[in-house]
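Chemist: Got a sequence here, can you build the structure:
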Amino acid sequence: MDDPQSDFGGSEPTIADVATVAGVSIRTVSRVLNKSPKVNKDTRERIQAAIDKLNFKPSLRARALAMGRSLLIGMVHHDRNALVLDTVQRGVGQEATGRGYEVISHAVPLTEESGIDHILDFARRSRVDGLIVLPPVSGIAGLPEALKAERVHAVALSSVPIAGYGAVLLSPEREAAGDVARYLLSLGHRHIAMITGPQAMMSACERRQGFIAALEEADTPLLGEIEGDYSLAAGIAAARALLSLPTPPTAIFAANDIMAAGVLKVAAERGIAVPATLSVVGFDGSLLAEMLTPSLTTVVRPFGEMAHIATRHLIDLIEGEPPVELAVPPLALRESQSSAPPPA
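Modeler: Numbers count the residues shown, from 1 in each chain. Below you'll find the predicted structure:
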C-alpha cells in the first residue's frame, strides 16, 4: 500500500501539501477547513479527496502560523445582564467554532479614555484577529478610529449607525419601542408611564424617544417617567414612585425585562392585579420574561441570530472575503400574560 506521506519526505502532510495535490491555493483549502460557503462543490470535493488521500489532520496552531493569525476572536462588552450576555456569547461561539476560531469574552469599563486604552491593551495582549463590539461599548467615541489605527478588524452591534467600524449590525430599537406605545394605545390605555434605561446610553435614548414619539403622534402625553439603570432595584424603586402618583398608570413600559420584573414585584406587594389593573411590558425577550408570573409581554431581540451574523461577517473581513450586506433580524413585540385592556 502506498504511504501518503512518502511523497513528502515522511513528514506529516501540511495544508500546503493538500493545496498542491488539489491544485488550489492554500487560502482555498483554508476556506474549506473553516467551512466557508464560498467554495463551489467541485473544488470542495477535490480538496476533501486530497485531505483523505494524505490523511491530513489540520492543526489549529499550524494553521494559525501558516496564515499569520491567532484564530482568536475577542468579544468586548459592558453588560451586567447575564441572560442577554450568555445568549450573545453562545451565538458568537457557535459561529466562530464552525469557522475554526475560538472566542475570548472580555468586559471593559464604559469611559472614553480608559475604555479605549483597555480594549487596545486587550487586543494586543490576546493577539485576537478581530473584535465583536457590543453596545454600549460600541458607542464609545473614538473607539472605531483607534481600532482601525491598530489594524484590528471590528464588527459592532448598535442601535444607531456608527462610522469607522468594519461593519455595524443595527438593531432598530426606536421603532420597536414605538411599537410598544402603539400596542398599549390599541388596548385602550391612556395613563401610560415609562421606566427608561440610563440616558447616557444610545440604546436607552432610542427606546425612550421612540416610545414618547409614538404617544405624541396619538396626542397622548406620557403620564410619568423615571430613569433606571437596567437593574431590578431600579425597576422596584421606579415602580413604587409611579404607582404612588395621584393618578396611577394603567400601563408601565420598562426599558428592559429586569426592570419590568421589578414592576411586577411591586404590583404583587401592593395587591395590584396584573394585567387586570396594570399592564406591564418589558424589552429584550430574555428567558426571564417567560420565567415570571405572569409571563411578560416584551420586545424580543434576536441576540443569538445577531451574534451569528456579526461573527460571520467579522471572519469574512479577517479572511479577506468580499463584504456582503448585513441583514438585520427584526425586533418583534411578543404579547403574553402581563398586558390587557385597562380597567373599565
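Chemist: What's the separation between Pro37 and Val324?
Modeler: The spacing between Pro37 and Val324, counted by CB to CB, to the nearest Å, is 11 Å. In short, each C-beta sits where N, CA and C put it, glycine included.
Chemist: of those two, who's got more company?
Modeler: Summary of the neighbour comparison: Pro37 and Val324, criterion other CB atoms under 10 Å, with Val324 having more neighbours (12 against 8).
Chemist: Just confirm that one contacts His313, I think it does.
Modeler: Yes. Here Val324 lies in contact with His313, judged by CB atoms under 8 Å, at a distance of 7.3 Å.
Chemist: And the helices in the stretch 151-300 of the chain, which stretches?
Modeler: Listed from the start of the chain, the stretch 151-300 of the chain has helices (DSSP state H, counting those that start in this stretch) covering 173-187, 202-217, 232-242, 257-270, 287-291.
Chemist: in this protein, what secondary structure element scores lowest on mean pLDDT?
Modeler: Lowest on mean pLDDT, DSSP states H and E among the helices and strands of the chain sits helix 60-67, with a mean of 58.
Chemist: After that helix, heading C-terminal, what element do we hit next?
Modeler: The helix or strand immediately downstream of helix 60-67 is strand 72-77, counting by DSSP states H and E.
Chemist: In its sheet, which strands sit next to that next one, and in what direction?
Modeler: Each strand that pairs with strand 72-77, with its direction, by DSSP bridges: strand 102-107 (parallel), strand 130-133 (parallel).
Chemist: which stretch among these comes nearest Ala238?
Modeler: Closest approach to Ala238 among the strands paired with strand 72-77 (CB to CB): strand 102-107, 25.8 Å.
Chemist: quick one: contacts of that closest one?
Modeler: The set of residues external to strand 102-107 that reach it, using CB atoms under 8 Å, 6 or more residues apart in numbering, is 71-79, 85, 89, 92-93, 96-97, 122, 126, 128.
Chemist: Apply 7 Å and report the result again.
Modeler: The contact list for strand 102-107, computed with CB atoms under 7 Å, 6 or more residues apart in numbering, reads 71-78, 89, 92-93, 96, 122, 126, 128.
Chemist: could the helices of the stretch 151-300 of the chain go into a markdown table alongside mean neighbour count and mean pLDDT?
Modeler: As requested, the helices of the stretch 151-300 of the chain are exported to a markdown table (neighbours: other CB atoms under 10 Å; pLDDT from 0 to 100):
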| stretch | mean neighbour count | mean pLDDT |
| --- | --- | --- |
| helix 173-187 | 20 | 97 |
| helix 202-217 | 20 | 96 |
| helix 232-242 | 20 | 98 |
| helix 257-270 | 22 | 97 |
| helix 287-291 | 17 | 93 |
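Chemist: Can I get the buried part of the contacts of strand 102-107 as one PyMOL selection?
Modeler: Buried members of these, defined by 16 or more other CB atoms under 10 Å, are picked up in PyMOL with:
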select buried, resi 71+72+73+74+75+76+77+78+89+92+93+96+122+128
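Chemist: could the helices of the stretch 151-300 of the chain go into JSON lines alongside distance to Glu145?
Modeler: Below are the helices of the stretch 151-300 of the chain laid out as JSON lines (distance: least, CB to CB, whole Å):
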{"stretch": "helix 173-187", "distance to Glu145": "25"}
{"stretch": "helix 202-217", "distance to Glu145": "17"}
{"stretch": "helix 232-242", "distance to Glu145": "33"}
{"stretch": "helix 257-270", "distance to Glu145": "33"}
{"stretch": "helix 287-291", "distance to Glu145": "36"}
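Chemist: which one of the ones you listed lies closest to Ser336?
Modeler: Closest approach to Ser336 among those (CB to CB): helix 287-291, 7.1 Å.
Chemist: Could you export that closest one as CSV, CA atoms only?
Modeler: This file holds the C-alpha atoms of helix 287-291, laid out as CSV (Å, rounded to 0.1, in the frame of the first residue of the first chain):
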residue,chain,number,x,y,z
LEU,A,287,-35.6,33.9,29.3
LEU,A,288,-36.6,35.9,32.3
ALA,A,289,-39.8,37.1,30.5
GLU,A,290,-41.0,33.5,30.4
MET,A,291,-40.0,32.7,33.9
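Chemist: Which two of the contacts of strand 102-107 have the greatest separation?
Modeler: Between any two of the contacts of strand 102-107, the greatest separation by CB to CB is 25.5 Å, found for Leu71 and His78.
Chemist: per-stretch mean pLDDT over the strands paired with strand 72-77, give me the minimum one.
Modeler: Averaged per stretch, pLDDT over the strands paired with strand 72-77 is lowest on strand 102-107, reaching a mean of 92.
Chemist: gap between it and the chain center?
Modeler: 14 Å (CA atoms, centre = their mean, to the nearest Å).
Chemist: Quick check: what element follows that strand along the chain?
Modeler: Later in the chain than strand 102-107, the nearest helix or strand by DSSP H and E is helix 112-126.
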